[in-house]
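A.B. asks: here is the input, now give the coordinates:
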Amino acid sequence: MGTIQYGSGDEIHIEDRALAHLKVVIATKLRRNESFTLSWRHPEGQPMGRSTIWLHPSIPLRFTFDEPEAPQLNPKWIQDLMQSASSTGGISLIDEVLDAPEIAAEN
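C.D. replies: Numbering: from 1, shown residues only. Modelled structure (predicted):
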């Protein structure tokens, strides 16, 4: 379970694979000097609910991963997250969707 430390706020716990994809999208948006929101559902073990933060290029941001190796990234998931980031609702942490042909090839 990785974390995002944003400003002086609490750590946000997100599974490493999802966090690796979010990092690419967030870094791209902030590099373009774009502000946006990030929303997620609270993970198991935390009070039920969801949270949203406003991301701005001037606020310190740190990504910490439990796994020492970076996962192979799924370009489709990054594209879906980028589309979400460009919407009026900001990034919604959505689940990764694997392509159907890959699943069918395994069966």
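
A.B. asks: from here on, contacts and neighbour counts on C-alpha atoms
C.D. replies: Will do.

A.B. asks: so which residues of this protein form helices?
C.D. replies: All helices of the chain, identified by DSSP state H, fall at 16-31, 75-85, 100-106.

A.B. asks: now those helices as CSV including mean pLDDT and mean neighbour count?
C.D. replies: Putting those into CSV (pLDDT from 0 to 100; neighbours: other CA atoms under 10 Å) gives the following:
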stretch, mean pLDDT, mean neighbour count
helix 16-31, 94, 18
helix 75-85, 90, 17
helix 100-106, 48, 8
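
A.B. asks: save those as TSV, and put in distance to residue 7 too.
C.D. replies: Formatted as TSV, the helices of the chain follow (distance: least, CA to CA, whole Å):
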stretch	distance to residue 7
helix 16-31	14
helix 75-85	20
helix 100-106	39
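
A.B. asks: residue 65 is nearest to which of these?
C.D. replies: Among the helices of the chain, the nearest to residue 65 by CA to CA is helix 16-31 (5.9 Å).

A.B. asks: contact partners for residue 61?
C.D. replies: Listed by CA atoms under 8 Å, 6 or more residues apart in numbering, the contact partners of residue 61 are 4-7.

A.B. asks: how far away is it from residue 23?
C.D. replies: 10 Å (CA to CA, to the nearest Å).

A.B. asks: tell me which residue is most central in this protein.
C.D. replies: Nearest to the mean C-alpha position of the chain, by CA atoms, centre = their mean, lies residue 22 at 2.8 Å.

A.B. asks: alright, that wraps it up for me.
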